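[1] Here is a sequence with its predicted model. Questions after.
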Amino acid sequence: MRDTSFDQLDDLYQEVILDHYRNPRNRGEIPSPHVSARGFNPYCGDEVILALNLDDGRRVDAVAFSGQGCSISQASASILTELVKGKSLAETRRLSQLLRSLIHGDELTDEELDLMGEMEALRGVRRFPIRVKCALLAWATLDDGIEEYEGGQ
Amino acid sequence: MRDTSFDQLDDLYQEVILDHYRNPRNRGEIPSPHVSARGFNPYCGDEVILALNLDDGRRVDAVAFSGQGCSISQASASILTELVKGKSLAETRRLSQLLRSLIHGDELTDEELDLMGEMEALRGVRRFPIRVKCALLAWATLDDGIEEYEGGQ
Amino acid sequence: MTLDVEKIRRDFPILSKLVYGKPLVYLDNAATSQKPRQVIQALVDYYEGYNANVHRGVHALSMESTERYEEARRKVAGFIGAPSPENLIFVRNTTEGINLAASSWGAANIGPGDEILVTEMEHHSNLVPWQRLAKAKGARMRFIPVTEEGTLDLSDLDTLLNHRTKLVAMTHMSNVLGAINPVKDIGAKAHAVGARILIDAAQSVPHMPVNVQDLDCDFLAFSSHKMLGPTGIGGLYVRSETLEKMEPFLTGGEMVLEVTYDYATWNDLPMRFEAGTPNIAGSIGLGAAVDYLESLGMEQVHRRERELTAYALDTLKELSEEFNFYGPTDLNARGAIVSFNSPDIHPHDLGTMLDQGGIAIRAGHHCAMPLIRDRLGVAATARASFYIYNTKDEVDLLKAALKDALRYFSKTLAPK
Amino acid sequence: MTLDVEKIRRDFPILSKLVYGKPLVYLDNAATSQKPRQVIQALVDYYEGYNANVHRGVHALSMESTERYEEARRKVAGFIGAPSPENLIFVRNTTEGINLAASSWGAANIGPGDEILVTEMEHHSNLVPWQRLAKAKGARMRFIPVTEEGTLDLSDLDTLLNHRTKLVAMTHMSNVLGAINPVKDIGAKAHAVGARILIDAAQSVPHMPVNVQDLDCDFLAFSSHKMLGPTGIGGLYVRSETLEKMEPFLTGGEMVLEVTYDYATWNDLPMRFEAGTPNIAGSIGLGAAVDYLESLGMEQVHRRERELTAYALDTLKELSEEFNFYGPTDLNARGAIVSFNSPDIHPHDLGTMLDQGGIAIRAGHHCAMPLIRDRLGVAATARASFYIYNTKDEVDLLKAALKDALRYFSKTLAPK
Ligand SMILES: Cc1ncc(COP(=O)(O)O)c(C=O)c1O
Ligand SMILES: Cc1ncc(COP(=O)(O)O)c(C=O)c1O
């Protein structure tokens, strides 16, 4: 009988990812948040619910996520909550763009990689096309939430 | 350039058929007939309208057909009108059965062949499956008309 | 006589394919089956030998394609025991078959206050069309519950199925639990209160003998792609009395008798329900799939799959600490589908891991979200589903890969 | 650069087939086209190499089939100049595409007193769905007349197209007359009164460059089987603003976002309009057909067919005593279709005769009964229709066979 080899997987399941999956940061809810949105992937059932509060300078003050799904979608959401804290809405959008570039395989500058922090660990999904949606779910949800928030202003 | 050879066709287009096509018998209408029916083949547009009057003994007294279509459907209708004259309704049904048997390739007795008369010329359609409906159209229409007539009695 | 699986496997070109350098272990048959060369060849023969539009042509190719198309209808109708080929409407898939029934029969026969009874284990395709119809008509949806074990709870059937019930729409076999439902008994009870029964046979027709006259059902829908046949084709059986009274579904060419600028009249059955140029090659390919299955014998197919399911359940039992397994324990009441879940690995992650070993399973809600969420209480499950070409060795490979995946995840992970 | 027809012919396996011992002369392309080996091979590659259900699988085969399925959508959308693949819904055929538009858009946007404008040369598939909708909604059908010559009579267009018109539904090219209609101009006029335009492009997309953005149409439907692709697949283009507001068509798996026992929400575009497992192989095959046509260039295809049509009209002119020929005389306003009729031989008989010589033409009403009966005043016509692989030699064979048929009939017949 052959061995199932998971060598290829180490790229996908980096320590950072699995750590966020098992020990999610900022998991929970925020009562009446300024920005809130729910994202759902109909093909695998992954769900991410995001809630953000903004301070007077319209920077992210508090952030929480809930939902359920695979390690990639949930870790990505957890990483997101850490990254966006203290950022302006424009900066969060920039981060969302950077993740797309990363997954798309674009060359990134050192400054950009710096901004991304742990999000860089999601680079591995590139080779697993079906998992790209998992990695992007939280960020797409955030974009939607912000768009709606700004539309309502 | 090759010749288009129509040898195979002589079976289909027997003299009798083409004669009935060009010189249809009993073409026309009967005012308020006892039995009437219209048949239509949606695939080629062939149409046969039949009208019959019965005498006191419920034998076919007068018969007429109208409609339009290919040589086979129209010749078959013309032959029908000649064959059914003087027949009882049961006898016409028998004839309709005989035509089906003929086309199906069943062995027929001399007595049966006798009954069929010129209808035997339709034997050739057997090798042209798409034309079978043409040959049967008038007879299927007659069957429908009689069924409706008897249902109304 | 048992099936010669090695011989069968040789008929399926894809089974000799390597995935990431490893032989393919295809355990996603409930989603779609693989195709034997006989079916693929039937498509090639059609396109290379006698491709032409059907029903209207006087030329040789058209006569041949028409004859083969209608021959396919006869085969498929015969395969499910339909009294006549006229009872068999070619549709794109099970989903379209159910929509056809909802639109052509349902819209005319279901009204305010009426009830539509389904089960809690329906595929979206046998749930959403009825929700939509109920909403449009002011009718009410009712549900036969599912037990903990994953079978139907019929204890309240006499209340659920009552004189307001116009239709029972239920799956013959669940694509998540593998449960085989007593559709014949429930159909008889439905008829006793004047209701009709529609059977979603997407998972049963491919895997066991199904006879619509024996089941005495009013509608039965299935998909070619799950039974060795091509994509884009399937069948809807409708009982004659019902079919004759049904309004057309889609309109246009082929389904009309006569057309004027002002009105149209409808063609004979079953063409009345097939508008436009049909999936001719697909139908002929489905006919070839039916030939293939009949050459094996559906009793044999069913027996062989039960054997494999027994072996799988037995083998995977060793992992019952790590995984929850769903579905009936009674082997006579389940087909060759095993759904499972681990609190430690999300099915999606598990699917990716197994894929690296060449093992194709499905992970997700299997188009049965309410069942998965509300009854199984999870967001997704992993599912292995078998067919005639699967082997015990493949079950062993699955078990080994599941173990490896667990090891990988626990190795990599700090404990919770 | 002109097309190398001999090279093209070698791509079509069926063209080397003998019919009654004679080489096949296939002149029934308006009914369905033949398929090049590249398309057939694409189907075989799918079934032998990566057959799997799309959109939901984490395993390698499913990822590949999903990618190829969506790639096919991109190709087909690009072929008709759609702004995005999201605008392209895969349907079974033109007929289903039109029914989808009638059901999802028409039912919500057409009401009592509204008008639907069609032409007198529509195929049943672009007539009957609108008749049915008009009847259900209390709307009125209006008709753009056809002239003696077989073109549209637009002299009353300003009356026919008015503020009550909600939809113009018209064929781009008539499958009987070959007439190519000024859909762009009429579309602009439709938009000026606030109406939408649906184009039945079943006969145009296969034969000439078609760009939905240039035409500025709201809906455009076509069939794969008429454009070198497999049966059972086709496309419906819908303009984004319209598509976003449209209610679903069929419901079930694939087209939902979330489902509970009580309700369902809809998936993104265009999946929202594709319920159940799609015709995956068919879509991929259509993608291959598009590749093939693009490799020839649609301008080239159109030019070549115009040349052949010119030759055919010229050649057959010799028979103008014996036959009536229908359709526009202006070659810029007609495609590669020639319909004709003789008072002496019914088209059905003619079809049978030509078939004996291996020549496949169509005889009948071509699913345009009202046009044939009420405008041409006959019950049926004979029709020869050409495609990229037809040759001038084949036109000569047609003429010779028509002459032979006339001779046969007059030889056998006593004069009238
Ligand atoms: C102009 C036109 N419209 C619609 C159709 C219907 O196409 P299909 O049968 O593929 O739906 C056809 C072909 O038969 C056609 O020629
Ligand atoms: C039980 C059941 N019903 C319906 C369907 C829908 O089948 P299709 O997608 O072929 O329409 C499926 C398969 O996905 C199924 O398993």
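    It's in. Numbers count the residues shown, from 1 in each chain, chains lettered A, B, ... in the order given. Ligands and ions are numbered 1, 2, ... in the order given.
[2] show me where pLDDT drops low in chain A?
    A:1-6 (pLDDT under 70).
[3] residues of the lengthiest helix in it that come out buried?
    Counting residues, the longest helix found in chain A (DSSP state H) is helix A:129-151. Using 16 or more other C-beta atoms under 10 Å in any protein chain shown as the test for burial, helix A:129-151 gives A:130-143, A:145-146, A:149. Any C-beta I mention is one placed from the backbone N, CA and C, and that applies to glycine too.
[4] Please apply the same query to stretch A:113-128.
    Neighbour-count burial for stretch A:113-128, counted by 16+ other C-beta under 10 Å, picks out A:L115, A:M116, A:E118, A:M119, A:E120, A:A121, A:L122, A:R123, A:G124, A:V125, A:R126, A:F128.
[5] Just the C-alphas of it, formatted as CSV.
    C-alpha atoms of stretch A:113-128 as CSV (Å, rounded to 0.1, in the frame of the first residue of the first chain):
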residue,chain,number,x,y,z
LEU,A,113,5.2,42.3,2.3
ASP,A,114,5.9,44.2,5.6
LEU,A,115,2.3,45.5,5.5
MET,A,116,0.9,42.0,5.0
GLY,A,117,2.5,40.5,8.1
GLU,A,118,1.2,37.0,8.8
MET,A,119,-1.1,37.2,5.8
GLU,A,120,1.8,36.2,3.7
ALA,A,121,1.3,32.7,5.0
LEU,A,122,-1.7,32.5,2.7
ARG,A,123,0.6,32.5,-0.3
GLY,A,124,0.4,28.7,-0.5
VAL,A,125,-3.3,28.6,-1.5
ARG,A,126,-2.2,29.7,-4.9
ARG,A,127,-1.5,26.1,-5.8
PHE,A,128,-4.9,25.0,-4.6
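[6] Give me the contacts around that stretch.
    Stretch A:113-128 is contacted from outside by A:8, A:11-17, A:20, A:72, A:75-76, A:79-80, A:82-83, A:94-95, A:98-99, A:102-105, A:108, A:131-132, A:134-135, C:352, using C-beta atoms under 8 Å, 6 or more residues apart in numbering or on different chains.
[7] In helices only, show me the residues you listed.
    Taking DSSP H as the definition of helices, those contribute A:15-17, A:20, A:72, A:75-76, A:79-80, A:82-83, A:94-95, A:98-99, A:102-104, A:131-132, A:134-135, C:352.
[8] Emit the PyMOL select command for whichever of these are buried.
    Applying 16+ other C-beta under 10 Å to the ones in helices among the contacts of stretch A:113-128, the buried members can be selected in PyMOL as follows:
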select buried, (chain A and resi 16+17+20+72+75+76+79+80+83+95+98+99+102+103+131+132+134+135) or (chain C and resi 352)
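[9] Which single residue of chain A approaches ligand 2 most closely?
    A:Y43 (13.1 Å; C-beta to the nearest ligand atom).
[10] Contact partners for that residue?
    By C-beta under 8 Å, 6+ apart, the contact list for A:Y43 reads A:K133, C:G364, D:H55, D:R56.
[11] Most neighbours among the residues you listed, which one?
    Top of the contacts of A:Y43 by neighbour number is C:G364, holding 26 neighbours under the definition other C-beta atoms under 10 Å in any protein chain shown.
[12] Touching, it and C:N341? I think so.
    No. Counting by C-beta atoms under 8 Å, C:G364 does not reach C:N341; the two are 11.5 Å apart.
[13] Which residues are in contact with each of those two?
    Common neighbours of C:G364 and C:N341 (C-beta under 8 Å, 6+ apart) are C:P347, C:A380, C:T381.
[14] The residue of chain A closest to ligand 2 belongs to a strand?
    No. Counting by DSSP: H, G, I helix; E, B strand; the rest coil, A:Y43 is not part of a strand but coil.
[15] So is stretch A:57-65 next to chain C?
    No. Using C-beta under 8 Å from any C-beta of the partner chain, stretch A:57-65 stays clear of chain C, coming no nearer than 15.1 Å.
[16] Any chance you could list what contacts that stretch?
    By C-beta under 8 Å, 6+ apart, stretch A:57-65 touches A:24, A:26-30, A:33, A:48-55, A:77-78, A:80-81, A:84-89, A:92, A:138.
[17] can you list the residues that contact stretch C:244-252?
    Applying C-beta under 8 Å, 6+ apart, the set of residues contacting stretch C:244-252 is C:100, C:103-105, C:107-108, C:238, C:255, C:264, C:266, C:269, C:272-273, C:275-276, D:95-96, D:98-99, D:123-126, D:128-129, D:132, D:367.
[18] Much appreciated, bye for now.
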